[in-house]
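Colleague: quick check, what structure comes out for this input:
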Amino acid sequence: MPGQFRSFIWDPKLIISQIIALQCLFYATYIVFIYLLDIAGRFDASLDQIFTQIDLDLFEDTGRVNVIGFFLNSLTSAAGLWFIVKRTKLCLDFAFTVHFVHFCCCWVYSGHIPQTLSWWIINVIGLALMTVCGEFLCMRSEMKAIPLLGPKTDL
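Modeller: Below is the predicted model of the structure:
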């Protein structure tokens with residue numbers, strides 16, 4: 001059997017645990033960013049800011065604060081991809097899964113599919129930002145030199 005750099009075994013428990021960990025990180029950091037930005041802007045914090053499309057209106061101060069929080073959350077979630085997934089090839093899959101679960105949560109919370117164009121654009125930009133930054137971080141880790149000779153080399 002020829003040598004393989006990385007051989008993968010289908011491990012659904014690992015994949016599901018990574019999805020759950022990323023989803024928890026996504027919502028935990030999103031809540032923290034929204035809370036801190038609400039304190040800074042002296043806005044009332046509510047769960048609607050996370051799960052409704054009305055609170056992502058760019059023409060209002062609270063909407064702009066929520067968009068800033070969403071994009072900061074995308075950057076933090078990209079670091080989560082680097083820490084939890086650690087594979088460049090899987091960043092898009094996991095980022096899409098996180099945003100798809102967020103879409104489903106928004107749908108269940110509000111009772112209808114989000115219909116505003118701004119919600120979709122902001123989520124697609126957040127998905128792209130999370131994916132590209134996560135791939136960048138993972139690629140830097142994957143491209144590190146592999147030490148061939150070192151103190152623990154058995155020849």
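
Colleague: what's the following helix or strand after the helix or strand bottoming out on mean pLDDT in the chain?
Modeller: Ranked by mean pLDDT, DSSP states H and E, the weakest helix or strand in the chain is helix 48-51, scoring a mean of 82. Beyond helix 48-51 in the direction of the C-terminus, DSSP states H and E gives the next helix or strand as helix 61-80.

Colleague: would you mark the buried spots in that next one?
Modeller: Neighbour counts over helix 61-80 (16 or more other C-beta atoms under 10 Å) mark 62-63, 65-67, 69-78, 80 as buried. Heads up, the C-betas are built off the backbone N, CA and C, glycines and all.

Colleague: ok, those vs T131, which is closest?
Modeller: Closest approach to T131 among the buried residues of helix 61-80 (C-beta to C-beta): A78, at 7.7 Å.

Colleague: for the closest residue to that closest one other than its chain neighbours, helix, strand, or coil?
Modeller: Setting aside the residues directly before and after it, A78 is nearest to C133 in space (C-beta to C-beta, 6 or more residues apart in numbering), at 3.5 Å. Following DSSP: H, G, I helix; E, B strand; the rest coil, we place C133 in the helix state.

Colleague: can you give me the neighbour number for C133?
Modeller: 20 (other C-beta atoms under 10 Å).

Colleague: ranges for the strands of the protein?
Modeller: Applying DSSP state E to the chain gives no strands.

Colleague: quick one, helices of it?
Modeller: Remark: helices assigned in the chain by DSSP state H are 12-41, 48-51, 61-80, 91-110, 117-142.
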